[in-house]
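Sequence and predicted structure below; questions after.
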Amino acid sequence: RKEVEQDPGPFNVPEGATVAFNCTYSNSASQSFFWYRQDCRKEPKLLMSVYSSGNEDGRFTAQLNRASQYISLLIRDSKLSDSATYLCVVRNSGNTPLVFGKGTRLSVIA
Amino acid sequence: EADIYQTPRYLVIGTGKKITLECSQTMGHDKMYWYQQDPGMELHLIHYSYGVNSTEKGDLSSESTVSRIRTEHFPLTLESARPSHTSQYLCASSETSSGANVLTFGAGSRLTVL
């Protein structure tokens, strides 16, 4: 079983739609959680950290469910510019490198 | 504005040549990483370093080697390039003190071996 699992998509949604991605992680000792965004042929960039209480940044809402070991990302009022691959990232305990999921591809269509 | 620089951005080279991909960061980060990513595919960690004179192999076996003689510099070397090495190589860095271990990536080096 992969340590971080995501539905690869693609999710094809119209502009203005609300879309949600889930990500599951296998290590119950995981400590920190992030969503990164990667545009086509570009490097990944941090979108937002995910806090236990849930957090919001404009149209983006991230939530963490430790009991079920999943993280979610909700995008409201989708824009064409939201089209990208969204990477779920987990930091385990100790001094180990971050673990990246394979990513979920989103295409927002006019 | 990039604080982590990779050169070359693009390289096309013949089989058997020695290649060094350069990565430098100006943020004073102690941790640096090399990832390999084929188009449309997942990131694979191939090497990382937690400080000067410290290097570790990542999850994906790689024929490349790395060195960390200076904090800001983390070059990756392929002694004899092969077509199977064709890929994008992404360098990243992070600092320990922030606690969050957020990665900053370079723009990548796209390697094609003929």
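Structure received. Numbering: from 1, shown residues only, chains lettered A, B, ... in the order given.

can you pull the contacts of B:Ser109?
B:Gln6, B:Thr7, B:Pro8, B:Arg9, B:Tyr10, B:Leu11, B:Leu21, B:Gln88, B:Tyr89, B:Leu90, B:Cys91 (Cβ atoms under 8 Å, 6 or more residues apart in numbering or on different chains). In this view, the C-beta of every residue, glycine as well, is placed from N, C-alpha and C.

can you do 7 Å?
Counting by Cβ atoms under 7 Å, 6 or more residues apart in numbering or on different chains, B:Ser109 touches B:Gln6, B:Pro8, B:Arg9, B:Leu11, B:Leu21, B:Tyr89.

For B:Thr65, which non-adjacent residue is closest in space?
Closest residue to B:Thr65 apart from its sequence neighbours, by Cβ to Cβ, 6 or more residues apart in numbering or on different chains: B:Thr77 at 5.2 Å.

Quick one: residues contacting A:Asn22.
A:Tyr70, A:Ser72.

Now the helix or strand hosting it: buried residues?
According to DSSP states H and E, A:Asn22 maps onto strand A:19-25. In terms of neighbour count (16 or more other Cβ atoms under 10 Å in any protein chain shown), strand A:19-25 has its buried residues at A:Val19, A:Phe21, A:Asn22, A:Cys23, A:Thr24, A:Tyr25.

Could you do stretch A:84-91 as well?
In stretch A:84-91, counting by 16+ other Cβ under 10 Å, buried: A:Ala84, A:Thr85, A:Tyr86, A:Leu87, A:Cys88, A:Val89, A:Val90, A:Arg91.

Same question for stretch B:85-93.
B:His85, B:Ser87, B:Gln88, B:Tyr89, B:Leu90, B:Cys91, B:Ala92, B:Ser93.

residues in chain B within reach of chain A, list them.
Within chain B, the positions adjacent to chain A are B:33, B:42-43, B:45, B:48, B:50, B:90, B:100-103, B:105-108 by Cβ under 7 Å from any Cβ of the partner chain.

mind listing the strands in the chain by residue range?
By default, I'm working from chain A. According to DSSP state E, chain A carries its strands in the segments A:4-6, A:11-14, A:19-25, A:32-38, A:45-50, A:55-57, A:60-65, A:70-75, A:84-91, A:99-100, A:104-109.

ah, no, chain B please
Going by DSSP E, chain B shows strands at B:4-7, B:10-13, B:19-25, B:31-37, B:44-51, B:54-57, B:65-66, B:76-78, B:87-94, B:104-105, B:109-113.
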